[in-house]
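> Build me a structure from this.
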Amino acid sequence: MPETNPRWDIFCTVVDNFGDIGVTWRLARQLVAEHSVRVRLWVDDLRAFERLCPEIDTQLAQQWQQGVEVRQWLVEWPPVDAADVVIAAFACQLPASYMDAMAARAQPPLWLNLDYLSAEDWVVGCHGLPSVKYRHVQKYFFFPGFRQDTGGLLRERGLLERRRKFQQDASAQREFLQGLGVDRAPGSQLISLFAYENAGLASWFDCLASDSTPSHMLVPEGRILGDVARWLGVEGLAAGTCTFATV
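Numbers count the residues shown, from 1 in each chain. This next block holds a predicted model:
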């Protein structure tokens, strides 16, 4: 029998901060789990991917994880057929031979440039606009956003209800944090800090440190670590480091 489920190819070049692979991996999983879509996720840096999905074998050019076909985006591009829907995440440049494969299809694929999430007003006017064209294959902008005329948000089925239950269950929260190696300071406000370099970080930390309510800051690996280390007066920070500071 001919295959009826649409095929999607998602292309991701890892730049920094794990955001690129994080968004595309979440999208790929949701398409497979909730929409019966066959997805190939092409990634140029499996070691960064491994930080989000420890089951990944960084030596394999092809593997399956949670129903998603994960393909290593090699310099020597293998001959593959183009999918029905092609997503270039965050304006990454597709391989030339793959673009030729898109143009060779009898029915051109839907080609989307998945852009960055924004709450700014201009996103509404840009979402869905045509971008560049390769031969007769047109690419379109896809802007996630918070307003009705944008691409919306990634949100798994039942996520809000699971979130509500989690927020009302102190033991579940404690178990989750302990699974990450985090022992929350008693009576503290818990803050997750995920950011690029920011000159205002030090003054914000000063305010938090002088507050009567203690703050427990969780900082994932990323480019903000240098600013955090400078405020703490330490040489460097690594995953698992726990440091106390007051002013």
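> from the chain's centre, how far out does the longest helix seen in the chain sit?
Using DSSP state H, we find that the single longest helix of the chain is helix 19-35. Taking CA atoms, centre = their mean, to the nearest Å, one finds the center of helix 19-35 at 8 Å from the center of the full chain.
> Give me the contacts around that helix.
Contact partners of helix 19-35, identified using CB atoms under 8 Å, 6 or more residues apart in numbering, comprise 8, 10, 12-14, 37-39, 41, 43, 45, 48-49, 52-53, 66-68, 87, 89-90, 114, 154, 156-157. In short, each C-beta sits where N, CA and C put it, glycine included.
> In it, which residues are buried?
Neighbour counts using 16 or more other CB atoms under 10 Å place 19-25, 27-32 of helix 19-35 among the buried residues.
> Put the alpha carbons of the host helix or strand of residue 164 into CSV.
In the assignment (DSSP states H and E), residue 164 maps to helix 159-167. The C-alpha trace of helix 159-167 is given here as CSV (Å, rounded to 0.1, in the frame of the first residue of the first chain):
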residue,chain,number,x,y,z
LEU,A,159,0.3,20.4,28.6
LEU,A,160,-1.5,23.1,30.5
GLU,A,161,-3.4,20.6,32.6
ARG,A,162,-0.2,18.7,33.5
ARG,A,163,1.4,22.1,34.3
ARG,A,164,-1.5,23.0,36.6
LYS,A,165,-1.3,19.7,38.5
PHE,A,166,2.5,20.0,38.8
GLN,A,167,2.3,23.5,40.2
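> Against which helices or strands is that helix packed?
Here helix 159-167 touches helix 170-179, going by 3 or more CB pairs under 8 Å, 6 or more residues apart in numbering; DSSP states H and E.
> roughly how far is the following helix or strand past the helix it packs on from the heart of the chain?
Following helix 170-179 in sequence order, the next helix or strand is strand 189-192 (DSSP H and E). Here strand 189-192 is found 21 Å from its chain centre; the criterion is CA atoms, centre = their mean.
> for stretch 109-120, same thing?
Worked out by CA atoms, centre = their mean, stretch 109-120 lies 13 Å from the chain centre.
> just stretch 89-107 next, same as before
Offset of stretch 89-107 from its chain centre (CA atoms, centre = their mean): 22 Å.
> What are the buried residues along that stretch?
Neighbour-count burial for stretch 89-107 flags 89-90, 92, 94-95, 98-99, 101-102 (criterion: 16+ other CB under 10 Å).
> Let's see which of these end up in helices.
Taking DSSP H, the ones among these that sit in helices are 98-99, 101-102.
> Quick one: those residues as a markdown table, columns for distance to residue 138 too.
What follows is these, written out as a markdown table (distance: CB to CB, whole Å):
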| residue | distance to residue 138 |
| --- | --- |
| 98 | 16 |
| 99 | 12 |
| 101 | 16 |
| 102 | 10 |
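> Make JSON lines out of those and add distance to residue 145 and pLDDT.
Formatted as JSON lines, those follow (distance: CB to CB, whole Å; pLDDT from 0 to 100):
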{"residue": "98", "distance to residue 145": "28", "pLDDT": "97"}
{"residue": "99", "distance to residue 145": "28", "pLDDT": "97"}
{"residue": "101", "distance to residue 145": "31", "pLDDT": "97"}
{"residue": "102", "distance to residue 145": "27", "pLDDT": "98"}
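> Cheers, nothing more for now.
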